[in-house]
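Peer 1: I need the structure of the sequence given here:
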Amino acid sequence: MATTTTLTVHVEGMHCASCGLFIDEQLEELDGLLSSRTSVRRGTTTVTIDAGRCSPAAVTDAITAAGYTAQVSQQT
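Peer 2: Numbering: from 1, shown residues only. The predicted model follows:
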């Protein structure tokens, strides 16, 4: 059985809705990502991951590789 973890990631550098869509598309490539929702207005991405297959570092690394600054601000 998968152990799920929900992360709220503070993202800097987003300017428009396309930025949010781009981040979500990049995160979809991660093995173990269950869901992703980016809010440009709030400057956050909320993801749910299978903790056995995906780590918080993999999430922030993917966002950073997409050209943004990312830091986990909450994990549940």
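Peer 1: For the rest of this, base every contact and every neighbour count on C-alpha atoms.
Peer 2: Will do.
Peer 1: Do a quick rundown of the strands in this protein.
Peer 2: For the chain, applying DSSP state E gives strands covering 4-12, 33-39, 44-50, 69-75.
Peer 1: Tabulate the ones you listed in CSV, adding columns for mean pLDDT, distance to residue 21 and mean neighbour count.
Peer 2: Formatted as CSV, the strands of the chain follow (pLDDT from 0 to 100; distance: least, Cα to Cα, whole Å; neighbours: other Cα atoms under 10 Å):
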stretch, mean pLDDT, distance to residue 21, mean neighbour count
strand 4-12, 97, 13, 19
strand 33-39, 97, 7, 18
strand 44-50, 97, 11, 21
strand 69-75, 93, 15, 16
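Peer 1: what would the ones you listed look like in TSV with distance to residue 18?
Peer 2: Converted to TSV, the strands of the chain look like this (distance: least, Cα to Cα, whole Å):
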stretch	distance to residue 18
strand 4-12	14
strand 33-39	10
strand 44-50	14
strand 69-75	16
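Peer 1: out of the ones you listed, nearest to residue 57?
Peer 2: Closest approach to residue 57 among the strands of the chain (Cα to Cα): strand 69-75, 8.7 Å.
Peer 1: which residue packs closest to residue 60, ignoring adjacent ones?
Peer 2: Counting by Cα to Cα, 6 or more residues apart in numbering, the nearest residue to residue 60 once its immediate chain neighbours are dropped is residue 70, at 5.4 Å.
Peer 1: I'd like the distance between the one you found and residue 39.
Peer 2: From residue 70 over to residue 39 the distance is 13 Å, taken as Cα to Cα, to the nearest Å.
Peer 1: Need the overlap of contacts for these two.
Peer 2: Counting by Cα atoms under 8 Å, 6 or more residues apart in numbering, residue 70 and residue 39 have no contacts in common.
Peer 1: Let me know the pLDDT of residue 56.
Peer 2: Looking at residue 56, its pLDDT is 96.
Peer 1: so how far is residue 10 from it?
Peer 2: The gap separating residue 56 from residue 10 is 12 Å, by Cα to Cα.
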